[in-house]
Every structure is written in C-alpha cells, then in structure tokens.
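S.K.: Here you go, sequence then predicted model.
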Amino acid sequence: MKETLARNINIYRKERGLTQEELAQILGLSFQAVSKWENAQTMPDISLLPQLSRTLEVSIDKLLGYVSQNRPITIYEEVYLTQDYYWGTEPNKECYQVLQRMPPTKPVKLLDIGCGEGKDAVFFARNGYEVTAFDVSDAGIEKTKRLADQCGVEVNVFKADILDYRLDRHFDVVFASGVFHYIKPEFRQEIFENYKQFTNQNGMHFLNVFVNKPFIAPPPEKEPNAYKWYSGELLGHYQDWLIQESSEIVFDCNSSGIPHKHAMSKMIAQKVTSINN
C-alpha cells in the first residue's frame, strides 16, 4: 500500500498543478515530508488523509488505491447494464494474432487491459491461456464473469482504473484494444515502462490506440476522460523492443448507431534479451 499511496500522491499533486512545496505549505508541513511520502519512505499520518484528500480533490479510497465509486470514468458503465453484450461476444480479430504468434503450447500468462464485457478475455481462456483482466466498469466486470461461467472457463477479472493500477507480477502477453485513450499524456511513459518491466523475456505486447487525424471528424460518443494520441506515439514507447508489426488504419464504425470513422495505430512488440557490447 505504501508504494501505491506514494504514486497516487505524486500523480494527483501534479494533476492539481501543485509543487511539493505548495502541497506541504497547505498541509502545514515541510516539503521534505511530502518528498518522503512520494518516495515511499514514509506514509502520511492518518489524521492528514481528509485534508490531503480535499486538497488533491480525490477520495481517500482512490488515494489508497481503491477505485472511486463516486463518478463514472467511462461512458460504457451505463451501456453495459443491459443484458445484451454491447460489443457482442465474438473476439476482436487481433486475438487471432496472439494465437498465431504466441500459442499456448506451454503455460502463457496473459493480461487483458480494459477488458470491457470480457469477450476477448474469455476467448483467450477458452483457448488455453491463463487470463487476468481488468476494467473500470462494474457492469463490465460482472458481464465478464457471467460470460466466463457460461463458457466454463476461468478468468481472473477485477476492477481497476488504468490511470492508477500498476503491474506487480509478470506476464507473457499484454493485450489491449481501444483503451489507451483513457491515459493522460503525462502518465503514459511511466505506465508503459511498468507494463514493459513486468513482461517476461520474449513476451509480447499486442496493442492499439485511436489516433487523431485532422481529416476525420471526432467520434459521436462524448468521452469526458479521453485524451488524444498521435501517429507514431505508441511506437515511440517501444524503441528498445523488437517491433514485429506496426500499422495504421482508418475504419468505419457504427458503435453508437451513428456511422463514423476512426484512425488507429496497431503494434505488436516483443521483449528480447539485450546484448551488451
């Protein structure tokens, strides 16, 4: 918990535009105290948590690493409340690339980031992967569990916010589709370094992200917590990995009932052993 709290104080302090000195002054402390919190050397006294929470404009639960329940982060929370599966139950076609490039001929630990209603996570489990998945939507998590039960497979699924959650164990495959626009630009480097650090040698990342193009109109969905990506930005986080595939496409979409287009960057990268000259 100490490391989680340290990271969250640092993140939300920066979001509020406060320096360590300014936060310390508000709390009546020395800036060294705040610095020690953020370096996980010490933890705030429990009596300071309410004032710290108010100053950083974030709940105590969220500071401590629990997903806040007081506001929807994604527009899909309400959509997922229906009995039907909004995205259907057919897997994303990128799932077949995982099967092709890293088949589970031996135990393969796979992480599905932003699993939504679970169609891809369950597909991987049905094909023999050891699947862990998370999403920020309560309704999505429940539907993932339900679909896994219906298919007779096990998926370790839990609720987490992509901005807050960091890996603390290793995976062979990291898979994410259409979710990284929820990551604020200033946190991307640190988050991707975490994903890379906790990937086993020769493990692979199968990722895509919506990219901004001036000739494509904004999507009809009004995402309050979406942030733009640009061509080449995702690839730039993997300069030290072997790039197996990298492409950019424009495709038609009708997810909201209103025909529109998206531009998307896709990437498959592999963590290979470094050679020291």
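M.R.: It's in. Numbers count the residues shown, from 1 in each chain.
S.K.: which residues touch the strand or helix carrying residue 9?
M.R.: Using DSSP states H and E, residue 9 sits within helix 2-15. Residues external to helix 2-15 that are found in contact with it (CB atoms under 8 Å, 6 or more residues apart in numbering): 20, 23, 34, 37-40, 43-44, 52, 56-58, 62-65, 163-164, 166, 186-187. The way it works is simple: take the backbone N, C-alpha and C, and place the C-beta from them, glycine included.
S.K.: Tell me if I'm right that residue 92 and residue 176 touch.
M.R.: No: here residue 92 does not reach residue 176: they are 10.4 Å apart, not a contact under CB atoms under 8 Å.
S.K.: how about the strands of the protein, start to end?
M.R.: Counting by DSSP state E, one finds strands in the chain at the ranges 109-113, 130-135, 155-159, 171-176, 199-210, 242-253, 260-270.
S.K.: Pull up the pairing partners for the last one, direction included.
M.R.: Sheet pairing of strand 260-270 (DSSP bridges) gives strand 199-210 (antiparallel), strand 242-253 (antiparallel).
S.K.: Turn these into CSV, including distance to residue 79.
M.R.: Formatted as CSV, these follow (distance: least, CB to CB, whole Å):
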stretch, distance to residue 79
strand 199-210, 18
strand 242-253, 15
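S.K.: Need the winner for burial among the ones you listed.
M.R.: Neighbour counts averaged per stretch over these are highest for strand 199-210, at a mean of 20; criterion: mean count of other CB atoms under 10 Å.
S.K.: What's the mean pLDDT across that strand?
M.R.: On average, the pLDDT along strand 199-210 is 97.
S.K.: who's in contact with that strand?
M.R.: 94, 97-98, 101-102, 109, 170-178, 180-181, 195-196, 229, 233-234, 238, 241, 244, 262-273.
S.K.: quick one: that strand to strand 171-176, angle?
M.R.: Orientation check (axes from the mean of the first three to the mean of the last three CA atoms, to 10 degrees): strand 199-210 against strand 171-176 gives 10 degrees.
S.K.: Dump strand 199-210 to PDB, keeping only the CA atoms.
M.R.: What follows is strand 199-210, C-alpha atoms only, in PDB (Å, rounded to 0.1, in the frame of the first residue of the first chain):
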ATOM      1  CA  THR A 199       6.700  -8.600 -19.100                       C
ATOM      2  CA  ASN A 200       8.700 -11.800 -19.300                       C
ATOM      3  CA  GLN A 201      11.600 -12.100 -21.600                       C
ATOM      4  CA  ASN A 202      10.400 -12.900 -25.100                       C
ATOM      5  CA  GLY A 203       6.900 -11.800 -24.000                       C
ATOM      6  CA  MET A 204       4.800  -9.800 -26.400                       C
ATOM      7  CA  HIS A 205       2.500  -6.800 -26.300                       C
ATOM      8  CA  PHE A 206      -0.500  -6.600 -28.700                       C
ATOM      9  CA  LEU A 207      -1.800  -3.100 -28.600                       C
ATOM     10  CA  ASN A 208      -3.700  -0.500 -30.500                       C
ATOM     11  CA  VAL A 209      -4.800   3.100 -29.900                       C
ATOM     12  CA  PHE A 210      -7.000   5.600 -31.600                       C
END
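S.K.: okay, the angle between that strand and strand 109-113?
M.R.: 30 degrees.
S.K.: Number the residues from 607 up from this point.
M.R.: In the new count, where the first residue is 607, that last one comes out as strand 805-816.
S.K.: what would the strands of the chain look like in TSV with distance to residue 749?
M.R.: Written out in TSV, the entries for the strands of the chain read as follows (distance: least, CB to CB, whole Å):
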stretch	distance to residue 749
strand 715-719	14
strand 736-741	10
strand 761-765	10
strand 777-782	18
strand 805-816	22
strand 848-859	21
strand 866-876	23
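S.K.: any idea of the pLDDT on residue 675?
M.R.: At residue 675, the predicted lDDT confidence score is 47.
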